[in-house]
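**Student:** build me a model:
(2 chains)
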2 protein chains.
Amino acid sequence: MALIVLKFGGTSVADIERIECVADKIVRETLAGNEVVVVVSAMSGVTNQLVDYCRQISGIHDASEYDVVVSSGEQITAGLLCIAIHKKGLRARSWMGWQIPIISNDTHSKARIESIETAALHERLEYGEVVVVPGFQGVTEKKRITTLGRGGSDTSAVAIAAALGADRCDIYTDVDGVYTADPRIVPEARKIERISYEEMLELASLGSKVLQTRSVEMAAKSGVTIQVLSSFSDEVGSALKGTLVVNEDEIVEQEIVTGIAHSKDEAKVTVVGVKDVPGVAAGIFEPLAKVAVSVDMIVQNISVDGYTDMTFTVAKTDLALALKTLEEDMEINYKKVITEENVVKISVVGIGMQSHAGVANTMFRTLGEKGINIQVISTSEIKISVLIDSDYTELALRALHEAYGLGADPA
Amino acid sequence: MALIVLKFGGTSVADIERIECVADKIVRETLAGNEVVVVVSAMSGVTNQLVDYCRQISGIHDASEYDVVVSSGEQITAGLLCIAIHKKGLRARSWMGWQIPIISNDTHSKARIESIETAALHERLEYGEVVVVPGFQGVTEKKRITTLGRGGSDTSAVAIAAALGADRCDIYTDVDGVYTADPRIVPEARKIERISYEEMLELASLGSKVLQTRSVEMAAKSGVTIQVLSSFSDEVGSALKGTLVVNEDEIVEQEIVTGIAHSKDEAKVTVVGVKDVPGVAAGIFEPLAKVAVSVDMIVQNISVDGYTDMTFTVAKTDLALALKTLEEDMEINYKKVITEENVVKISVVGIGMQSHAGVANTMFRTLGEKGINIQVISTSEIKISVLIDSDYTELALRALHEAYGLGADPA
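**Tutor:** Presented below is the predicted three-dimensional model:
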């Protein structure tokens, strides 16, 4: 017997029919002898509608009342799912964040969970009752409702799994696992059986939108085993057919490269003709930091005649704000600013590359052979990212996937 | 300075634009120096949608989870209204049933309020903050969410007004008061300035759907002055342009007849040819009571040769169930059952008729002069109801309205 936490996202509970499918999976896991806790998102579209209502009234609304409004989406799903489980003859009860309670800090709309009371939940689980928790929500010490920020239901699930000492946290989503590359682009892409927290973190933050970054960080810290799997398949989590996110040392056969991610969400900005003196980088990036524009890849050109160019990437959604800020608030002199939105960031990720030379070289050689120009490079211990013309996305992904032998079945 | 409770129903908060209009009324009442508590319903259509979700899953769903689902509609409105009030520069905070708390019994989906904690609310009101409460919801001692049954937001508002010792409870709706008759049918119908709780109760239960019966009962018991007024008018409640529902002794010039209500919601059933012996009424009405069919008007014919007919009315929505029950479960012998749906119940209501003779006679004579046949009669101390062919609805209402002199301006 195991204690498992199941998390179902918005598309998995999109309508009444899908909610009944979810109830079915829960019944199967329960009848197999498991203690089951379920964390649910709002039905797809509901949260966006509620957020939109708030924005229609005021762009700068009070975050605590925003939380009152948007947290109700998950509450609805939790109640409906309990009714669906009852219909199948099992005991189930919904537990709002304030009922458990899931205590968070008071940073409304992006609160952090501080503690979760578990005694009552363990008691109900031992009694054979399914515990259903609306994700995304908590409550402050002063009993105000909070939300954990978008995608926060993953975080809720991992935090509850950690607090309860669960054996596994199954994140049901619309894909059946984490792949070596996007299978819609690379037909040879293979589902990864086990991946380390560190690799998953890099993939999560690099555009593979399977898991929320914060939930992976939390799982790594608390040692919760996550499984990513599809709610649209007939399998339940205990069949272990998804991708397990685990500690590095639980992966026996560590590949050098685990997967290749790509992201078209970034734009390239080049500030041309700035004086190459100490403080120039700060002169560019401080104004951006002040307006909360995150800068990702940064490259400074070789200096020519005392002048240089500074190239970096920002989220495409931040581009307009970034340009306005550079124009109005940058106190250093420059010649011009050039932007390029037709770019893609391709990243090769693998814990194994820490101990293997030549991983970067394989990437550069492969892209070079296909005539693909690398515009920016950045690296971390377990990742190499390059920025290239987005017209070459498919070509680059397929060529790299083959070059690293990712399509072959692991021995 | 007064403490007033304002209640806004579903059509008054139907969309973002309407919610902003409500915020405007609240601001005006607050700036006039009043302490303001607001009770809101769900945006129109929302509760029906949520109820429908529950029914789609299961006809016999757990009432406590149903309450979790449907109570969220009011929660959404409460948060949105606070954001709209903030935008106008005033302080406001939402208070869920469990935050106040509004303690109810555990009869989920039709719970009764047992107590309301008011210390914190008084403190916030004195501080100049608007208190916004989602109607329709409470919480049990064991911290489960409850709802008060459909239309329960009126009850929430009156209960909160009673607990806080409010000076008035303004029920904003889509009509601007209680009328002497339905103004769509009787053009001369006049808005009533003051009406007693007892008369309002009769009108409420007789098809004038302005206020929920239970909230009027509660107001009568606790002495809360209710005002019925329109949220679509420019006036705010403090202008006292609506209808005040008050104690009988607060009405100086008591009319003999206050208003005329009509209801097309009932159907007539006649059980023909039952033996006129003791127990026959019980033989007919016990089976109906067992399946929760409410019977309204009852008439037993004069006995002929030891046989009689029993005529009564039931809600049209209960008619099919009533017929099936009579056919299958009635243990007495009868000849046949006749039904008639083309009927209307017309009721003349007035506390003054207790001390005036001739009120009933005026009704019978007026209808007789117009050639309208009375099928059933029932009376209470402050009401006379007749059942007639519904083709004569308009004619009867207009004739009675004139006969009682209701169109004339009160002296």
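**Student:** residues in contact with whatever residue of the stretch 201-350 of chain A ends up closest to chain B?
**Tutor:** Nearest residue of the stretch 201-350 of chain A to chain B (C-beta to the nearest C-beta) works out as A:S231 at 17.3 Å. No exception for glycine: its C-beta is placed from N, CA and C like everyone else's. Contact analysis of A:S231 by C-beta atoms under 8 Å, 6 or more residues apart in numbering or on different chains lists A:8-9, A:11-12, A:18, A:21-22, A:25, A:172-174.
**Student:** spell out which residues of the stretch 1-150 of chain A are next to chain B.
**Tutor:** When proximity is defined as C-beta under 8 Å from any C-beta of the partner chain, the stretch 1-150 of chain A approaches chain B at A:16, A:19-20, A:50, A:53-54, A:56-58, A:61-62, A:64-69, A:72-73, A:75-76, A:78-80, A:82-84, A:86-87, A:93-94, A:96, A:98-99, A:143-145.
**Student:** give me phi/psi at the residue nearest the centre of chain A?
**Tutor:** In chain A, the centroid-proximal residue (C-alpha atoms, centre = their mean) is A:Q212; its distance is 2.6 Å. When read as degrees, to the nearest 10, the backbone of A:Q212 gives phi -80, psi 130.
**Student:** what stretches of the stretch 1-150 of chain A score poorly on pLDDT?
**Tutor:** Counting by pLDDT under 70, the stretch 1-150 of chain A has low-confidence residues at A:150.
**Student:** how about the helices in it?
**Tutor:** Secondary structure of the stretch 1-150 of chain A (DSSP state H, counting those that start in this stretch): helices at A:16-31, A:46-57, A:63-70, A:72-87, A:119-126.
**Student:** now do the stretch 151-300 of chain A
**Tutor:** A:152-164, A:197-205, A:213-222, A:280-290.
**Student:** out of the ones you listed, deepest packed?
**Tutor:** Mean neighbour count (mean count of other C-beta atoms under 10 Å in any protein chain shown) peaks for helix A:152-164 among the helices of the stretch 151-300 of chain A, with a mean of 27.
**Student:** what does that one rub up against?
**Tutor:** A:3, A:5-7, A:9, A:37, A:39-41, A:74, A:102, A:113, A:115-116, A:118, A:121-122, A:133, A:135-137, A:148, A:166, A:168-169, A:171, A:211-212, A:214-215, A:218-219, A:222-224, A:226.
**Student:** check stretch A:393-411 too.
**Tutor:** Counting by C-beta under 8 Å, 6+ apart, A:180-182, A:185-186, A:188-190, A:193, A:253, A:255-257, A:259-260, A:262, A:264, A:344, A:346, A:348, A:362-363, A:366-367, A:369-370, A:372, A:388 sit against stretch A:393-411.
**Student:** then stretch A:167-175?
**Tutor:** A:2-9, A:11-12, A:22, A:25, A:154, A:157-158, A:161, A:210-211, A:215, A:219, A:224-232, A:237, A:242.
**Student:** ok, now how distant is A:E369 from A:L395?
**Tutor:** Separation of A:E369 from A:L395 (C-beta to C-beta, to the nearest Å) stands at 11 Å.
**Student:** and if you look at A:I103?
**Tutor:** The gap separating A:I103 from A:L395 is 50 Å, by C-beta to C-beta.
**Student:** neighbour count for the two, which is higher?
**Tutor:** Using other C-beta atoms under 10 Å in any protein chain shown, the more surrounded residue of A:I103 and A:L395 is A:I103, with 18 against 15.
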